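Trainee: Structural data only, the sequence is not supplied:
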DNA sequence: AGGAAGACCCGGACGC
DNA sequence: TGCGTCCGGGTCTTCC
């Protein structure tokens, strides 16, 4: 599921392929995914240029040239897909491609394009004749926000783990005096922004710490170990392609490269890669925790 | 106050 | 087949 590595990879792709493009067409298929009446949303967004794309935690922020922002969150199963029109290998307009995908008359297109985006919620046509799909924004969303609204929304978030200022000292400072269990703390966006169920499980495995360990019982040495484990796993995942199942674009064979590297997440009943003990699953803080009870204490 | 628990969003899977 | 129920994760709200 989309967490920091997946969003970071999206952000880099978007900066390479979407930055400085103008939004020429907008189609809102799922009205609940946007925060305005869809006709207003289209009217306002059409014609705007995307000046920059940044990430904060699991949020991706499109900076528009009117000084406002589009904020998107993928939640459970959202995804992005970019389709350059030249890849349709036919003289199709953006409107025709949109219509073809939307009306599920996409068999012709599907035959030419390996990965056709399913369940688009919002579609942007861009000034370079590419089409950007925001798919399955059922729990997720795409919101048009003023600067103050964006700051209010993101202001509650804690440090981003990839922020250069977020070092082991800062991590230890944040944990000082905390009383609860470690995994719910790692996943709380007010503490650290962008760590979800998958990578919190992996980071704890890497540090040899059980998900339900009380923070107060974790030694300073182990807190440093946990910091290193978290940062290294996030960086490795970004380097190897993250764990999204579907590609960002038809040419993208990088995305998903980290899928086979998960050691505990979603692996209950399978053998631990270190000691062969069976990976266990239990509920910690209302969420599924995956762990090896021999490697983690 | 801060930590824990529950609610909510929605679609897909599963059981009867 | 169809209906009801539960599950999943991130975030927000409520409770203790």
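Mentor: Now that the structure is in, tell me what you want to look at. Everything numeric in this text was worked out from a predicted model, so none of it was measured.
Trainee: For the rest of this, base every contact and every neighbour count on C-alpha atoms.
Mentor: OK.
Trainee: Compute the first-to-last residue distance for stretch A:134-152.
Mentor: End-to-end distance for stretch A:134-152, by C-alpha to C-alpha, to the nearest Å: 24 Å.
Trainee: Any part of stretch A:251-270 near DNA strand B?
Mentor: No - Stretch A:251-270 is not in contact with DNA strand B by C-alpha under 7 Å from any atom of the strand; minimum separation 14.5 Å.
Trainee: residues in contact with that stretch?
Mentor: By C-alpha atoms under 8 Å, 6 or more residues apart in numbering, the surrounding residues in contact with stretch A:251-270 are A:198-199, A:201-202, A:205, A:237, A:240-248, A:272-273, A:278-281, A:289-292.
Trainee: Please apply the same query to stretch A:39-56.
Mentor: Residues from elsewhere that reach stretch A:39-56 (C-alpha under 8 Å, 6+ apart): A:7-8, A:11, A:14-15, A:18-28, A:34-35, A:60-66, A:144, A:154, A:160, A:193-194.
Trainee: Just the ones in helices from the residues you listed, please.
Mentor: Judged by DSSP state H, the subset of these located in helices is A:7-8, A:11, A:14-15, A:154.
Trainee: Kindly indicate which of those residues lies nearest DNA strand B.
Mentor: residue A:154 (17.9 Å; C-alpha to the nearest atom of the strand).
Trainee: For the stretch 51-200 of chain A, which residue gets nearest to DNA strand B?
Mentor: Across the stretch 51-200 of chain A, the shortest distance to DNA strand B (C-alpha to the nearest atom of the strand) belongs to residue A:180, at 3.2 Å.
Trainee: just the strands in chain A please.
Mentor: A:23-28, A:50-56, A:59-64, A:69-73, A:79-84, A:120-126, A:130-135, A:141-145, A:280-284, A:287-291 (DSSP state E).
Trainee: Take those strands and lay them out in a markdown table including mean neighbour count.
Mentor: Converted to a markdown table, these look like this (neighbours: other C-alpha atoms under 10 Å):
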| stretch | mean neighbour count |
| --- | --- |
| strand A:23-28 | 21 |
| strand A:50-56 | 20 |
| strand A:59-64 | 22 |
| strand A:69-73 | 22 |
| strand A:79-84 | 23 |
| strand A:120-126 | 24 |
| strand A:130-135 | 24 |
| strand A:141-145 | 21 |
| strand A:280-284 | 15 |
| strand A:287-291 | 22 |
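Trainee: would CSV of those strands with distance to residue A:268 be doable?
Mentor: Formatted as CSV, the strands of chain A follow (distance: least, C-alpha to C-alpha, whole Å):
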stretch, distance to residue A:268
strand A:23-28, 39
strand A:50-56, 31
strand A:59-64, 29
strand A:69-73, 28
strand A:79-84, 26
strand A:120-126, 32
strand A:130-135, 29
strand A:141-145, 31
strand A:280-284, 5
strand A:287-291, 7
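Trainee: need those in CSV with distance to residue A:175 and mean pLDDT, can you?
Mentor: Shown next, in CSV, are the strands of chain A (distance: least, C-alpha to C-alpha, whole Å; pLDDT from 0 to 100):
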stretch, distance to residue A:175, mean pLDDT
strand A:23-28, 43, 94
strand A:50-56, 21, 95
strand A:59-64, 24, 94
strand A:69-73, 27, 93
strand A:79-84, 33, 91
strand A:120-126, 39, 93
strand A:130-135, 36, 92
strand A:141-145, 31, 92
strand A:280-284, 18, 89
strand A:287-291, 20, 90
